[in-house]
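Enquirer: Return a 3D structure for these sequence lines:
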Amino acid sequence: MLNTVVQSPDIDVLMNDIGRKAKAAARPLGFASSETKNRALNAMADAILAGKDHILAENAKDLRDVAGTEMLASFVDRLTLNDKRVADMAEGIRAIAALKDPVGEVIATWDRPNGLKIERVRTPLGVIGVIFESRPNVTADAGALCLKAGNAVILRCGSDSRRSSQAIHECLVQGLKAAGLPEHAIQLVPVTDRQAVGAMLRGLDGAIDVIVPRGGKSLVARVQSEARVPVFAHLEGLCHIYVDASADLAMAKEIVVNAKMRRTGICGAVETILVDSAVAGSHLQPILEVLSAAGCEIRGSSAVVAAAAGITPATEEDWSTEYLDAIVSVALVDGISCAIAHIQKYSSNHTEAVLAEDPQVVERFFTEVDSAILLHNASTQFADGGEFGMGAEIGIATGKMHARGPVGVEQLTSFKYRVHGTGQTRP
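Expert: Residues are numbered from 1 along each chain as shown. The predicted structure is shown next:
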């Protein structure tokens, strides 16, 4: 077993050693062939399927540890693995293997008047640190995505998913070895001490090139506050749906239930529904009824409470809360302008959807709403790298620098310039 849980007297020494090994592994990964990387990825998928019983047994231990705690049901759902989720994990790795290799891709090329030919070419970032909570599947997704993009990765899971993540990591290392790639290309931090997170945020003596946090608001806030290396911030998913007066009611009912209730604990679950007051009489009650029938608690604005019986009044806090539970806030708004104003005030810039048949409304929504992902007549639960054809994702970046939206293989690369000359000198 490559990574056993240890309690080191000096976490910084341990972590810096992990950093050195990752940096050493990153170099051969940077120019590894697509065939070699894909061979490793497919071997990882095979190992996960072969090791399913062990992975599920370790996951059961993690679940026993959190039983009886105050952990939200949504977090327990994220932690839980089953036959299908393990199979999906393996299939996700195969999907990543099937993607085009981004490394070496010529993004742009142009010629200068002096005869120089300039190319912008994709290159790996180097070493990526991924800090995540409660989601053992991130071990597989992040490890596979980073490998495909030619990066080494250091994974630090939450203590609640330690055993599950370790079992999955063992399968990833098997794949690396099968393809003759450095086994330290994908490392799992073997300690649960929070000091290890601090060491990663300081960059491990220059080893880490970028940090990706995947977890709750407090984790992301700490990473953004303390990190001395660039961060791909995955902020909370305070997602909105605006139901316009032109929306098809049958479609709207189906979409809002799916967006809220398919999986309430994911970042793409809708948290606030805005309904055009022009159709309050025809659309509001049917939407509230299907949500309630699906087991969703509804917290409404004063106008919603006045229009429908039995609705809990929403507080100001509700409009800025990521519930990650079967709870949704609902408000009536005076058309697209008021809907956009509400979203601008409360959104985390993750994902928003507009349900409308009026193309002018859709165009305004797409032009004026500044979130990473915008959808028209579709569930917010499509905010997922796998659904975008990326195979998987490390997270949804809500910032505006370098990566935005689902962080897949292309977002895990940088670029360099190659300049071809024929003897030119600069005067």
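Enquirer: ok but Ser414 is inside a helix, no?
Expert: No. With DSSP: H, G, I helix; E, B strand; the rest coil as the criterion, Ser414 is assigned strand and is not in a helix.
Enquirer: show me what contacts it?
Expert: By C-beta atoms under 8 Å, 6 or more residues apart in numbering, Ser414 lies in contact with Arg122, Thr123, Pro124, Leu125. Where you see a C-beta, it was placed from the backbone N, CA and C, and this is true even at glycine.
Enquirer: Now, the residues you listed that are in strands?
Expert: Judged by DSSP state E, strands contain the following of those: Arg122, Thr123, Pro124.
Enquirer: how about the longest helix seen in the chain: buried residues?
Expert: Of all the elements of type helix in the chain, the one with the most residues (DSSP state H) is helix 11-30. Judged by neighbour count (16 or more other C-beta atoms under 10 Å), helix 11-30 contains these buried residues: 11, 14-16, 18-19, 21-23, 25-26, 29-30.
Enquirer: Which phi and psi values does the nearest residue to Ile373 once chain neighbours are set aside adopt?
Expert: Nearest residue to Ile373, sequence neighbours excluded (C-beta to C-beta, 6 or more residues apart in numbering): Thr351, at 4.2 Å. Phi and psi for Thr351, reported as degrees, to the nearest 10, are phi -150, psi 140.
Enquirer: returning to what we had before: with respect to Asp334, which of the ones in strands among the contacts of Ser414 is nearest?
Expert: Proximity to Asp334 was ranked across the ones in strands among the contacts of Ser414 by C-beta to C-beta; first place goes to Arg122, at 46.4 Å.
Enquirer: Quick check: the gap between the closest one and Ala233.
Expert: Counting by C-beta to C-beta, to the nearest Å, the separation of Arg122 from Ala233 is 22 Å.
Enquirer: Can you name the element that comes right after the helix or strand harbouring Thr139?
Expert: Thr139 belongs to helix 137-148 when elements are defined using DSSP states H and E. With elements assigned by DSSP H and E, the helix or strand that comes after helix 137-148 is strand 152-156.
Enquirer: Gln187 looks like it's in a strand, true?
Expert: Yes. When the secondary structure is assigned by three-state DSSP, Gln187 falls within a strand.
Enquirer: Could you double-check that it lies in contact with Cys146?
Expert: No. With the criterion set as C-beta atoms under 8 Å, Gln187 and Cys146 do not qualify as a contacting pair; they are 10.9 Å apart.
Enquirer: So which of those two has more stuff around it?
Expert: The neighbour comparison of Gln187 against Cys146 (other C-beta atoms under 10 Å) goes to Cys146, with 28 against 24.
Enquirer: Report the contact partners of the more buried one.
Expert: Listed by C-beta under 8 Å, 6+ apart, the contact set of Cys146 reads Ile128, Val130, Ala152, Val153, Ile186, Ile394, Leu412.
Enquirer: Can you tell me which of those lies closest to Arg94?
Expert: Proximity of those to Arg94 was ranked by C-beta to C-beta; the top entry is Ile186 with 16.7 Å.
Enquirer: Could you check how far that closest one is from Gly395?
Expert: When distances are taken as C-beta to C-beta, Ile186 and Gly395 turn out to be 17 Å apart.
Enquirer: The two - which one has more neighbours?
Expert: Legend: neighbour count by other C-beta under 10 Å for Ile186 and Gly395, higher for Ile186 (30 against 27).
Enquirer: So for that one, what's the pLDDT?
Expert: At Ile186, the model reports a pLDDT of 98.
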